[in-house]
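> Okay, predicted coordinates and the sequence, questions at the end:
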There are 2 protein chains.
Amino acid sequence: MAIHKREEFGKTEQELAEFAKALSHPARIAILKVLAQRNECICGDIVDELPLAQSTVSQHLKELKNAGLVQGTIDGPRSCYCINWKAFEQFNSSMNTLFFKLKEDAAKCC
Amino acid sequence: MAIHKREEFGKTEQELAEFAKALSHPARIAILKVLAQRNECICGDIVDELPLAQSTVSQHLKELKNAGLVQGTIDGPRSCYCINWKAFEQFNSSMNTLFFKLKEDAAKCC
DNA sequence: ACCATTTATCGTATATTTACGATATACTAT
DNA sequence: ATAGTATATCGTAAATATACGATAAATGGT
């Protein structure tokens, strides 16, 4: 049992769920905030702002990167991260579309 | 180790993350779609539409209910579920706020 | 009262997530 | 070359999520 069935759903559902999963931990939202507020998006800066170990922050960054919400560039021994605004906007607009489409579909249930 | 640190972040981050977590599985997005499309929001209808066992659907419904996105009313031996539009709208607007606020904060990073 | 139907919950197995410290890697500066 | 700094990755432990079948609970119909 417990074979995950994510693949058996529609593409739209899967993509939206993946983005939502990326934002499903407060640390990752906090990371996005730091990235947006600082000009220099150095990993160390993020570590300083969060109550987490460096390795944990790195792991969260990796997930944000995998989801496409964040991009990373190597800058010497440092890594410069920044928000992928295009992807973020796409996610946000997908979420809006879902909301308004559902609302439209809803008749007078309950 | 592995004591979760969700509580150590801001309230806004935690709330947004909680909503996002509720939408972080395609099955739950699919459930919302079924709820929006049908007038009668009977659990059994949802089970019929999804490739999941009844108990699993019930579990997903519980999570949506815990997150506040869905409400359930007992109707005889059946349960009538429906979307909590107010909560859903609040989530959607919080997500929009986050996006636009971050974008505003962002200077010329990267 | 009894049976069928519907749904929630329990028990359980497995997968994934979250967290940390330790280590490896990659670059800078001396 | 060597030392120092920054970050990613590895190994690991514990918590949570995901899924199922089985069972319990609650109602409706006969």
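Cool, the structure landed.
> Let me know whether the helix or strand bottoming out on mean pLDDT in chain A sits next to DNA strand D.
Lowest mean confidence among the helices and strands of chain A (mean pLDDT, DSSP states H and E): strand A:70-75, at a mean of 84. Yes - using Cβ under 7 Å from any atom of the strand, strand A:70-75 reaches DNA strand D at residue A:72. Glycine gets a C-beta too; all of them are placed from N, C-alpha and C.
> For that strand, buried residues please.
Of the residues in strand A:70-75, A:70-72 count as buried by neighbour count, 16 or more other Cβ atoms under 10 Å in any protein chain shown.
> just stretch A:52-70 next, same as before
Using 16+ other Cβ under 10 Å as the test for burial, stretch A:52-70 gives A:52, A:57, A:60-61, A:63-64, A:67-70.
> Contacts for that stretch next, please.
Applying Cβ atoms under 8 Å, 6 or more residues apart in numbering or on different chains, the contact partners of stretch A:52-70 are A:18-19, A:21-23, A:25, A:27-28, A:31-32, A:35, A:43-44, A:46-47, A:50, A:71-72, A:81-84, A:87-88, A:91, B:5.
> thinking again about what came up before, closest to DNA strand C among the buried residues of stretch A:52-70?
Using Cβ to the nearest atom of the strand, residue A:52 comes nearest to DNA strand C of these, at 3.9 Å.
> Got the phi and psi for the closest one?
phi -130, psi 160 (degrees, to the nearest 10).
> Pick the one among the buried residues of strand A:70-75 closest to DNA strand D.
DNA strand D lies nearest to residue A:72 out of these, by Cβ to the nearest atom of the strand, at 5.4 Å.
> wait, the closest one sits on residue A:84?
No - look at residue A:72 against residue A:84 with Cβ atoms under 8 Å: they stay out of range, at 10.0 Å.
> Quick one: residues contacting the spatially most central residue of chain A.
Centroid-nearest residue in chain A, with Cα atoms, centre = their mean: residue A:22, separated by 3.7 Å. For residue A:22, the contact set (Cβ under 8 Å, 6+ apart) comprises A:28, A:63-64, A:66-67, A:69, B:20.
> can you check residue A:32 too?
Residue A:32 neighbours (Cβ under 8 Å, 6+ apart): A:64, A:69-70, A:83, B:98, B:102.
> Now for residue A:31, how many residues are close by?
Neighbour count of residue A:31, defined by other Cβ atoms under 10 Å in any protein chain shown: 27.
> Pull up the gap between it and residue B:37, please.
Distance, residue A:31 to residue B:37, by Cβ to Cβ, to the nearest Å: 36 Å.
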